[in-house]
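Asks: Build me a structure from this.
(one chain, ligands or ions: 2)
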Amino acid sequence: MAGVTFDHVYKRFGDATVVTDLTIDIHDKEFVVFVGPSGCGKSTSLRMLAGLEEISEGRIMIGDRVVNNVAPKDRDIAMVFQSYALYPHMTVYDNMAFGLKLRKTPKQIIDERVHESAKSLGIEHLLDRRPRQLSGGQRQRVAVGRAIVREPAVFLMDEPLSNLDAKLRVEARSFISKLHQRLETTFIYVTHDQVEAMTMGSRIVVLNAGRLQQIDTPFNLYHNPRNVFVGGFIGSPS
Ligand code: ADP
Ligand code: MG
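Replies: Residues are numbered from 1 along each chain as shown. Ligands and ions are numbered 1, 2, ... in the order given. As a prediction, this is how the structure comes out:
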């Protein structure tokens with residue numbers, strides 16, 4: 001269980017600064033959505049938090065621990081990617097077990113967790129299949145299952161539904177919201193879709209061109225947008 005803090009974080013690629021002075025406080029067990037147009041720095045922010053990208057300046061904390069120099073596997077987080085990034089040659093079971101095997105978790109515990117998680121996601125009957133034998137929605141659940149078995153303190157999801165068709169996406173949204181309620185962990189969810197952000201987030205981080213525009217509840221963003229960008233993006237009346 002842990003909150004997350006971005007403390008004056010910058011990210012530079014060569015001469016380009018793609019995240020500028022980002023300061024955000026995410027509470028333990030909160031469901032926070034990062035939203036903003038394509039290229040505004042959502043994925044880069046998450047990747048810095050996950051340890052997949054170096055932080056150019058500033059600090060990121062998970063709980064009360066500064067993680068700037070902590071290896072990704074030791075950050076107590078799990079990430080679900082847009083592409084799902086499943087291993088094509090492994091069964092669903094092995095995809096889900098992989099992270100735990102790396103951490104030398106005892107076989108019996110791996111087996112319990114994989115079956116328990118698969119059951120809770122409705123994919124227990126798919127454990128022997130390989131990714132190519134699954135539908136898009138099923139693959140998405142496997143990707144989530146692979147994150148759940150690790151029992152992370154913080155869940156990161158980067159546009160996890162963008163490969164699903166509209167109908168499945170609506171189902172998957174409510175499935176992820178329920179998952180958050182059941183797991184009682186911190187969720188950080190990235191989307192470029194303002195409707196998705198407004199329906200899923202308890203608070204929303206609005207980014208534009210690498211800068212924080214506003215962090216607030218859906219209600220406040222809609223009724224009290226801090227600037228023209230937020231008002232225009234969220235579609236509020238002002
Ligand atoms: P978003 O996820 O909001 O669409 P990204 O975080 O992926 O945006 O990208 C933010 C900006 O950083 C973009 O302008 C992108 O081109 C740039 N960028 C991302 N990764 C790299 C990289 N490895 N090298 C150079 N520029 C990058
Ligand atoms: Mg992105």
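Asks: which residues touch the worst-scoring helix or strand of the chain on mean pLDDT?
Replies: Least confident element among the helices and strands of the chain, by mean pLDDT, DSSP states H and E: helix 166-183 (a mean of 87). By C-beta atoms under 8 Å, 6 or more residues apart in numbering, the residues outside helix 166-183 that reach it are 31, 120, 136-137, 140, 144, 148, 155, 157, 160-161, 164, 187, 189, 196, 199-200. Yep, even glycine has a C-beta here, placed from its N, CA and C like the rest.
Asks: For V33, which three-state class applies?
Replies: Secondary structure for V33, judged by DSSP: H, G, I helix; E, B strand; the rest coil, is strand.
Asks: leaving aside the residues next to it on the chain, what's closest to K11?
Replies: Counting by C-beta to C-beta, 6 or more residues apart in numbering, K11 lies nearest to V19, which is 3.9 Å off, once chain neighbours are set aside.
Asks: In a strand, the one you found, correct?
Replies: Yes: using three-state DSSP, the assignment for V19 is a strand.
Asks: State the distance from it to R12.
Replies: According to C-beta to C-beta, to the nearest Å, V19 and R12 sit 8 Å apart.
Asks: picking that back up, what are the buried residues along the least confident helix or strand of the chain?
Replies: The neighbour-count check on helix 166-183 (16 or more other C-beta atoms under 10 Å) flags 168-169, 172-173, 175-177, 179-180 as buried.
Asks: Would you mind listing the two of those that lie farthest apart?
Replies: L168 and H180 (18.5 Å; C-beta to C-beta).
Asks: Which residues of the protein lie near ligand 1?
Replies: Contacts of the chain with ligand 1, taken as C-beta under 6 Å from any ligand atom, map to 13, 18, 36, 38-44.
Asks: run the last query once more with 8 Å
Replies: Residues of the chain found near ligand 1 (C-beta under 8 Å from any ligand atom) are 11, 13-14, 16, 18-19, 36-47, 53, 158-159, 190, 192, 207, 210.
Asks: Make a ChimeraX selection of the buried ones in the residues you listed.
Replies: A single ChimeraX command is used to select the members of the residues of the chain next to ligand 1 judged buried by 16+ other C-beta under 10 Å:
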select :11,18,19,36,40,41,42,43,44,45,46,47,53,158,159,190,192,207,210
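Asks: just checking, which of the residues of the chain next to ligand 1 belong to strands?
Replies: Judged by DSSP state E, strands contain the following of the residues of the chain next to ligand 1: 11, 13, 16, 18-19, 158, 190, 207.
Asks: picking that back up, in JSON lines, list the buried residues of helix 166-183 along with distance to V80.
Replies: JSON lines is the format used below for the buried residues of helix 166-183 (distance: C-beta to C-beta, whole Å):
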{"residue": "L168", "distance to V80": "15"}
{"residue": "R169", "distance to V80": "14"}
{"residue": "A172", "distance to V80": "11"}
{"residue": "R173", "distance to V80": "14"}
{"residue": "F175", "distance to V80": "12"}
{"residue": "I176", "distance to V80": "9"}
{"residue": "S177", "distance to V80": "14"}
{"residue": "L179", "distance to V80": "11"}
{"residue": "H180", "distance to V80": "13"}
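Asks: Name the nearest of these relative to I24.
Replies: Closest approach between the buried residues of helix 166-183 and I24, by C-beta to C-beta: H180, at 18.3 Å.
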